[in-house]
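[1] only geometry, no sequence info:
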């Protein structure tokens with residue numbers, strides 16, 4: 001993995017905010033076969049075969065971002081537009097199953113993060129036991145914001161994340177705007193950024209710092225908003 005720390009200014013142009021979406025709805029619950037990052041139609045006939053409880057965010061034809069409601073963060077990115085594939089899948093129980101076309105329209109998977117829980121609550125620099133709780137998402141026009149709570153004892157930290165496509169140096173990228181509230185004195189949070197597929201670059205624009213190389217984390221030391229961008233070479 002490639003690690004890159006950049007403190008950017010507001011003039012750093014990485015894309016257009018609130019872009020036109022490729023379909024309606026562009027955000028919805030979905031599922032993928034556990035090994036399903038290829039282009040063929042995928043058949044999920046039992047929950048054990050599939051990665052369930054995912055939220056698909058179809059930002060544009062070059063960026064589909066899948067978020068895990070279980071880990072609380074980004075699970076997979078792919079630079080192509082998927083199709084619904086419900087003919088052989090019980091979507092009423094597990095959600096719409098996505099499938100990518102074969103050939104030139106299939107695209108490639110660029111990022112995949114299989115961590116059981118991507119968010120950590122830290123007290124005085126040490127990680128404490130916590131649980132992530134999915135709280136749904138908000139829509140403001142064509143901007144989607146995912147909501148999670150990070151719970152540890154009497155502490156509840158609210159995490160709001162707004163994803164957006166960003167073209168970075170000709171490469172497909174994802175801008176993640178993360179708002180954190182509920183941190184108490186001496187507390188901080190961090191989220192695992194890096195995946196395990198393609199070489200990737202993460203840049204911190206504001207509100208947080210990067211740590212590590214494999215895995216890479218975004219540290220957020222106080223209540224407020226952090227912005228980070230990941231880009232991949234498909």
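    Everything's here; your move. Just so it is clear, the model here is predicted, and its values are computed rather than measured. Residues are numbered from 1 along each chain as shown.
[2] just how off-centre is stretch 224-234 within its chain?
    10 Å (Cα atoms, centre = their mean, to the nearest Å).
[3] what mean pLDDT does it get?
    Model confidence over stretch 224-234, given as mean pLDDT, is 93.
[4] what does stretch 154-170 give?
    What stretch 154-170 shows for mean pLDDT is 95.
[5] check stretch 137-147 too.
    Averaged over stretch 137-147, pLDDT sits at 95.
[6] repeat that for stretch 199-209.
    Stretch 199-209 comes out at a mean pLDDT of 95.
[7] do stretch 50-67 as well
    On average, the pLDDT along stretch 50-67 is 89.
[8] for residue 58, list each beta-bridge partner.
    Note on residue 58: beta-bridge partners residue 64, judged by DSSP bridges.
[9] looks like it contacts residue 30 (just checking).
    No: using Cβ atoms under 8 Å, residue 58 makes no contact with residue 30, being 10.0 Å away. Glycine gets a C-beta too; all of them are placed from N, C-alpha and C.
[10] ok, the two, which is more surrounded?
    It is residue 30, of residue 58 and residue 30, that has more neighbours when counted by other Cβ atoms under 10 Å, with 25 against 22.
[11] which SSE is the more buried one in?
    strand 27-33 (DSSP states H and E).
[12] just the buried residues of that strand, please?
    Of all the residues in strand 27-33, those buried under the rule 16 or more other Cβ atoms under 10 Å are 27, 28, 30, 31, 32, 33.
[13] which strands border that strand, and is each parallel or antiparallel?
    Strand 27-33 has its sheet partners listed here by DSSP bridges as strand 50-60 (antiparallel), strand 96-99 (parallel).
[14] measure how buried residue 126 is and give me the count.
    7.
[15] tell me how far it lies from residue 226.
    21 Å (Cβ to Cβ, to the nearest Å).
[16] the closest residue in space to residue 59 that isn't next to it in sequence: neighbouring residues, count only.
    Nearest residue to residue 59, sequence neighbours excluded (Cβ to Cβ, 6 or more residues apart in numbering): residue 165, at 4.1 Å. By the measure other Cβ under 10 Å, the count of residues near residue 165 is 25.
[17] residue 165 reaches residue 143, doesn't it?
    No: in this structure residue 165 lies outside contact range of residue 143 using Cβ under 8 Å: 11.9 Å.
[18] centroid residue for the protein?
    By Cα atoms, centre = their mean, the chain has its centre lying nearest to residue 74, at 2.2 Å.
[19] now it. Its backbone dihedrals?
    Phi and psi for residue 74, reported as degrees, to the nearest 10, are phi -60, psi 130.
[20] what bridges to it?
    Going by DSSP bridges, residue 74 is paired in beta bridges with residue 67.
[21] gap between the two ends of stretch 209-226?
    Terminal residues of stretch 209-226 lie 9 Å apart, using Cα to Cα, to the nearest Å.
[22] one more: stretch 216-232?
    End-to-end distance of stretch 216-232 (Cα to Cα): 14 Å.
[23] kindly report the same for stretch 124-142.
    39 Å.
[24] what are the buried residues along it?
    By 16+ other Cβ under 10 Å, the buried positions in stretch 124-142 come out as 130, 132, 134, 137.
[25] among those, which one lies nearest to residue 219?
    residue 130 (15.3 Å; Cβ to Cβ).
[26] these two touch, right, that closest one and residue 119?
    Yes: taking contacts as Cβ under 8 Å, residue 130 lies within contact range of residue 119: 7.4 Å.
[27] quick one: closest of the strands paired with strand 27-33 to residue 214.
    Comparing those by Cβ to Cβ, strand 50-60 comes nearest, at 22.3 Å.
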